[in-house]
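Student: Provided below are the primary sequence and the corresponding predicted coordinates.
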Amino acid sequence: MPKIAEIEGTPNPNAMKFILKEPLTWGITRSYDNVEQAKDDPLASQLFDIEHVTNVFYVDHWITVTQDGGADWHELQRKLAEPIRAAPGADEQTAAATTSSAAALADLTPADQERLDRINELLDEQIRPYLQGDGGDLYVMGLSGNTLSVHYQGACGSCPSSLSGTLAGIENLVKSIEPDIEVIAV
């Protein structure tokens, strides 16, 4: 059962990041935008049962919960802490990572897979650590021609700056290795 080490605000005023002493997963990202998506995840389902919760995102030692803006964070944190503390830790559960875009990424040509690997390496080094520090992340959904599709997760998913400044910054960075690329958020 994970113990909460710290609770941090994020740049998104509607998202809070819970840092845990024990991991919930070992490198497997869980991201849910609604209760239907979370139906097979007991922790996320319990969190969505709490009024005002609109997004649940977790990986390893942290979980970010986003609310609709209608709740007082102090009160909501107390409600969220209960199912988080009761959740099984990574050592107590086994999980298979599945993503909706796995098939699309599996169909890439070897040349496009190499391009995507270089892009992901750049994102891993220069973008994801900052997004994760703020309670979010970025998942590459696809690469089609010169269009890279990305999906923001966690606090980044509903943060106004992620769809403007951050997206432009990501595109400018990726253009350093792929000058003709366009980055779109999906």
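Tutor: Yep, it's here. Residues are numbered from 1 along each chain as shown.

Student: where are the low-confidence patches of the protein?
Tutor: For the chain, the stretches flagged by pLDDT under 70 are 1, 91-105, 158, 160, 163-164.

Student: tell me which residue is most central in it.
Tutor: For the chain, the residue sitting closest to the mean C-alpha position, by CA atoms, centre = their mean, is residue 153 at 3.0 Å.

Student: name the element that residue belongs to?
Tutor: For residue 153, the host element (DSSP states H and E) is strand 147-154.

Student: now the strands: where do they sit in this protein?
Tutor: Secondary structure of the chain (DSSP state E): strands at 4-9, 15-20, 30-32, 53-59, 62-67, 136-144, 147-154, 182-185.

Student: rewinding a little: partner residues bridging the residue nearest to the centre of the chain?
Tutor: residue 137 (DSSP bridges).

Student: give me the buried positions along whichever helix in the chain runs longest.
Tutor: As assigned by DSSP state H, the longest helix anywhere in the chain is helix 110-126. Judged by neighbour count (16 or more other CB atoms under 10 Å), helix 110-126 contains these buried residues: 115-116, 119, 122-123. For glycine as for every other residue, the C-beta is placed from the backbone atoms N, C-alpha and C.

Student: follow-up on the earlier one: using JSON lines, lay out the strands of the chain together with distance to residue 106.
Tutor: Output for those, formatted as JSON lines (distance: least, CB to CB, whole Å):
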{"stretch": "strand 4-9", "distance to residue 106": "36"}
{"stretch": "strand 15-20", "distance to residue 106": "31"}
{"stretch": "strand 30-32", "distance to residue 106": "20"}
{"stretch": "strand 53-59", "distance to residue 106": "22"}
{"stretch": "strand 62-67", "distance to residue 106": "28"}
{"stretch": "strand 136-144", "distance to residue 106": "11"}
{"stretch": "strand 147-154", "distance to residue 106": "15"}
{"stretch": "strand 182-185", "distance to residue 106": "20"}
